[in-house]
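In: compute the structure for the input listed below.
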Amino acid sequence: MSLSLSEVHGTLSSLKSCQVDLLTGMDIVTSVAMDLAEDLDGEQDPGIDKMEALMLECAKLDREIDSLVDIVQQATSDIATLQPEDLFSLSSKVKESVATRISELSDEDLQNHQKVVTFKDSIKSCSNQADQEPEQSEDLDEDVAVTQTQINFTCPLTQVEMVNPMKNKKCKHHYDEGAIRGLIETRHNQKKKCICPVVGCGNTDVKLSDLVPDHTLRRQIQNHKQQNGRT
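Out: Down below sits the predicted model:
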């Protein structure tokens, strides 16, 4: 039985790794869709609709993995309290519970998946930017432009331009992904809460669950780099 449990835990670990790759893939789809939306100048394209459908399929798979992992972990933790005769029916009970949990997934659940929400917000942002008239963009004073870049693009932890900006849903501040993840992990190992590194911020408990990728800001940073390269 111990070997079987070890195999189960190993499978769950592999499944979680696949889930991480799945979420990364969803970020890539969002980035590609943003590129397409920018090229369309606000026009609708069936390709973006197909990408949104793909995002919903990925969201469903992500939720299914969550359900499977949660139920299997609960089942393995209860094994010690089960009677021997109950172990033979454990597998079928787990399958039934997983099937029930998955059947309860609604379209609203998938639409509210954080990656799907980010996808829609990013596409909407690109469309809004395309609809706006760039009347004053070339008349910005150079010093003002530099100041805006420092405010929008610089990570408060590394003090350099962000690569993968993450937005804190609570305090709305941005940090580079690697830097904030490292800080949260360090504080966690010290058994302390992570305080937002932005000076004057009152957020004293920054959690990974509070952070979401800001694809719009990432695109702005990439465009800024391209512009600097041309000049």
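In: so what's the nearest residue to Leu68 once chain neighbours are set aside up against?
Out: Leaving out its chain neighbours, the residue that sits closest to Leu68 by Cβ to Cβ, 6 or more residues apart in numbering is Val98, at 5.4 Å. Where you see a C-beta, it was placed from the backbone N, CA and C, and this is true even at glycine. Contacts here follow Cβ atoms under 8 Å, 6 or more residues apart in numbering; on that basis Val98 touches Glu64, Ser67, Leu68, Ile71.
In: surely Pro156 touches His173?
Out: Yes. With contact defined as Cβ atoms under 8 Å, Pro156 reaches His173; the gap is 7.1 Å.
In: which neighbours do these two share?
Out: When Cβ under 8 Å, 6+ apart defines a contact, the residues bordering Pro156 and His173 alike are Val198.
In: ok, the contacts of Val98 vs Gln111, which is closest?
Out: Glu64 (16.1 Å; Cβ to Cβ).
In: quick one, what contacts that closest one?
Out: Glu64 makes contact with Val98, Ile102, Leu105, according to Cβ under 8 Å, 6+ apart.
In: what about it, which SS state?
Out: With DSSP: H, G, I helix; E, B strand; the rest coil as the basis, Glu64 sits in helix.
In: just the pLDDT at it, thanks.
Out: pLDDT for Glu64: 92.
In: now swap in Leu3 and tell me
Out: 42.
In: got it, and Val146?
Out: 43.
In: again, but for Gln74
Out: The confidence metric pLDDT takes the value 83 at Gln74.
In: for stretch 219-229, list every residue counted as buried.
Out: Neighbour counts over stretch 219-229 (16 or more other Cβ atoms under 10 Å) mark Arg219, Gln220, Ile221, His224 as buried.
In: kindly report the same for stretch 109-128.
Out: Going by neighbour count (16+ other Cβ under 10 Å), the buried part of stretch 109-128 is Leu110, His113, Lys115, Val116, Thr118, Phe119, Ser122, Ile123, Ser125, Cys126, Ser127.
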